[in-house]
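Colleague: output the structure for:
(2 chains)
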Amino acid sequence: MGKSHAEISRHMRVYLMVFGALLVLTAATVGAWKLEFLPAGAAVALALAIALCKASLVALYFMHLSAENKMIYWILALTFVFFLVLLLVPVLTAFDVIAY
Amino acid sequence: MLIPHIVKPRPDTGLNNGKLGIWLFLASEVMLFGALFATYLMLRMGSNDWPLGTKYLDPMWAAINTIVLITSSVTMVMAWAMSAKRNFAKFRLFMLLTVGLGFVFMIIKYIEYSAKFDHHYYPSTHVFLAIYFTLTGLHGLHVLGGMVVNGYLALFGKKHYEQDPEWFTNRVEHSGLFWHFVDLVWIFLFPILYLL
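Modeller: A predicted model of the protein is given here:
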């Protein structure tokens, strides 16, 4: 990696802060589920939004994507497009009229 | 003969080959889990009586496992930092902690699976349980794979570290990327299977 010791120490402080944020977000997920103060649809949206926040923190800081090589971003962008296509396949089944 | 550009970046890609390789592998893993997430969506959208996760599962075990995996991601990245700081003893400590937390995750998973089987809940019982066992089983195999690689680096990595610490640190970073990906998948599995 070729990073200086001071730079790595700075990274380590960030890792601990991210760890704290991840714990808080996990508690928020469980808390929202336990308290049941939201209607079902909103609860689903909130749980997925929190999961997305947590995943972004892991990817950006633990996986170092906040300062990564351009080629990695291209690979991930392409993967994301194919991933979306995969998730849209179930939606396409709604237009399948053969079964009817 | 060694594969070239395993320590220093290739001039054209700007990456060492190991890093490019692990990211391409992770891209294929996104598609693997993506296919199963799409399957989950299709089953759920097509089902008239999709149960709440809580009917079959205990979210508290999953919440504890979420904390375990998040903590293991921190110890993993600390192991990389210690290797980069050329402190092998602390690297080994953090790496063994990571493997230990992987064990804790698997033990909790074992308790969860045992409880299902005691209640005669099998993949064939309900389509929800089929996708639950498939997703968590595949994820568990990934945890196990990560533990083997991390355990190898912690227990047998000293010679390699002494010969070429920069190359060794790159390896730690690559195994760390895999471990974080496993954590990332669980972050989505937890609400999707247990809470929604």
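Colleague: my read: B:Ala35 touches A:Leu87, true?
Modeller: No. With contact defined as C-beta atoms under 8 Å, B:Ala35 does not reach A:Leu87; the gap is 9.7 Å. Quick note: C-beta positions are derived from backbone N, CA and C, even for glycine.
Colleague: for burial, what's the neighbour tally of B:Glu166?
Modeller: 16 (other C-beta atoms under 10 Å in any protein chain shown).
Colleague: also B:Thr136?
Modeller: Counted with other C-beta under 10 Å, residues neighbouring B:Thr136 total 20.
Colleague: list the buried residues of the helix or strand of chain B with the lowest mean pLDDT.
Modeller: In chain B, no helix or strand scores lower on mean pLDDT, DSSP states H and E than helix B:53-56, which sits at a mean of 85. Residues of helix B:53-56 classed as buried: B:53, B:56 (neighbour count, 16 or more other C-beta atoms under 10 Å in any protein chain shown).
Colleague: for stretch B:144-159, same thing?
Modeller: Of the residues in stretch B:144-159, B:146-147, B:149-151, B:153-154, B:157 count as buried by neighbour count, 16+ other C-beta under 10 Å.
Colleague: would you list every one of the helices in chain A?
Modeller: Along chain A, counting by DSSP state H, helices occupy A:5-35, A:40-57, A:70-92.
Colleague: can you redo the ones you listed as TSV with distance to B:Ile67?
Modeller: Shown next, in TSV, are these (distance: least, C-beta to C-beta, whole Å):
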stretch	distance to B:Ile67
helix A:5-35	6
helix A:40-57	12
helix A:70-92	27
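Colleague: export those helices to a markdown table and tack on distance to chain B, mean pLDDT and mean neighbour count?
Modeller: Output for the helices of chain A, formatted as a markdown table (distance: least, C-beta to the nearest C-beta, whole Å; pLDDT from 0 to 100; neighbours: other C-beta atoms under 10 Å in any protein chain shown):
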| stretch | distance to chain B | mean pLDDT | mean neighbour count |
| --- | --- | --- | --- |
| helix A:5-35 | 5 | 91 | 15 |
| helix A:40-57 | 4 | 89 | 16 |
| helix A:70-92 | 4 | 91 | 14 |
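Colleague: got the phi/psi numbers for the residue lying farthest from the centre of chain B?
Modeller: No residue in chain B sits farther from the centre than B:Asn48, which is 32.7 Å out by C-alpha atoms, centre = their mean. Backbone geometry at B:Asn48, expressed as degrees, to the nearest 10, gives phi -90, psi -20.
Colleague: about what we covered before: now the next helix or strand after the least confident helix or strand of chain B against helix A:40-57, angle please.
Modeller: Using DSSP states H and E, the helix or strand that follows helix B:53-56 in sequence is helix B:59-84. Interaxial angle of helix B:59-84 relative to helix A:40-57 (axes from the mean of the first three to the mean of the last three C-alpha atoms, to 10 degrees): 10 degrees.
Colleague: now helix B:59-84: buried residues?
Modeller: B:59, B:62-63, B:65-66, B:68-84.
Colleague: now narrow those residues to whatever sits close to chain A.
Modeller: Applying C-beta under 8 Å from any C-beta of the partner chain to the buried residues of helix B:59-84, one finds that B:59, B:63, B:66, B:70-71, B:73-74, B:76-78, B:81, B:84 fall near chain A.
Colleague: looking at these, which is nearest A:Ala59?
Modeller: Nearest to A:Ala59 among these is B:Ser73, at 10.9 Å by C-beta to C-beta.
Colleague: sec struct for the residue nearest to that closest one when sequence neighbours are not counted, please.
Modeller: Among residues not flanking B:Ser73 along the chain, B:Asp183 sits closest, at 4.6 Å (C-beta to C-beta, 6 or more residues apart in numbering or on different chains). Here B:Asp183 takes the helix state, with states given by DSSP: H, G, I helix; E, B strand; the rest coil.
Colleague: alright, I will stop here.
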